[in-house]
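In: Pasting the sequence and the predicted coordinates here, then a few questions.
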Amino acid sequence: MKIGILQTGHAPEVLIERSGDYDQMFRSLLGGNGFSFQTFSVVDGDFPEGAQDADGWVITGSRHGAYEDHPWIPPLETLIREIRDSGKPLVGVCFGHQIIAQALGGKVEKFTGGWSVGQTDYDLNGKTVTLNSWHQDQVTELPEGAKVLGSNDFCRNAMVAYGDTIWTVQAHPEFSNEFLKGLMRTRGEGVVPDALLQAAANRQDGPNDNAEIGRHMADFLKKARA
């Protein structure tokens, strides 16, 4: 099964040598499932010809906002709708979670409650899962037909499904604890409030459920294609 990775941003250059870029993180997270991968760096204008170019799709995170005026965002939204109409499975993470909601009629905003950074607990169908988060933007209005699967008090639309073929998550199951530490150093200081960075640092070495959510994502991609 071929997975097309729609890359919408790049990791900080100083972290790429050790952790890899965002597409490589997803290759690692989803590896071992019989997938082949092709990256399309849409943030740099590299787009597939259409939904038929892969059997399933993943949209990565980004430092950009879904509501910002970038030339690659409108064609990405068009591609998202094409993938939905094709029935091919689609998974979105952080920015991917947000741009899918926006493309399908929802609303994304810079959240008035501020940032979510570091290991964060979510209620997923009655079970607590812990994932690394890094976002200020949120999906504040869902498209028609969207179903919330996971949430917490800060982010009510944290995991969302659209029918049986689209699944999205606001947090970052592809981010290792080590990468998150680097992100806090390179993109956090002077941007994220110091108190939040300190709280995240206090919890940064704890266990997470990245592997479990990665398995869920892989199973979703395979099942939705079946």
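Out: Alright, I've got the coordinates.
In: Show me the helices in the chain, by range?
Out: 13-19, 22-29, 73-86, 95-103, 177-183, 194-202, 210-225 (DSSP state H).
In: Any buried residues in the third one, and which?
Out: The reference is to helix 73-86. 73, 76-77, 79-80, 83-84 (16 or more other Cβ atoms under 10 Å). Every C-beta, even on glycine, is put in place using the N, C-alpha and C of the backbone.
In: re the thing from before, just put the helices of the chain in CSV and tack on mean pLDDT.
Out: Output for those, formatted as CSV (pLDDT from 0 to 100):
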stretch, mean pLDDT
helix 13-19, 92
helix 22-29, 98
helix 73-86, 98
helix 95-103, 98
helix 177-183, 91
helix 194-202, 87
helix 210-225, 92
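In: How about the backbone phi and psi for the closest residue to residue 75 other than its chain neighbours?
Out: Distances taken as Cβ to Cβ, 6 or more residues apart in numbering place residue 47 nearest to residue 75, at 6.2 Å, with adjacent residues excluded. Residue 47 adopts backbone torsions of phi -110, psi 150, taken as degrees, to the nearest 10.
In: if I pick residue 47, what's in contact with it?
Out: 40, 72, 75-76, 79 (Cβ atoms under 8 Å, 6 or more residues apart in numbering).
In: Of those, which is the nearest to residue 148?
Out: Nearest to residue 148, judged by Cβ to Cβ, of these is residue 76 at 23.3 Å.
In: Go ahead and flag the most central residue of this structure.
Out: For the chain, the residue nearest the mean C-alpha position is residue 93 (1.1 Å; Cα atoms, centre = their mean).
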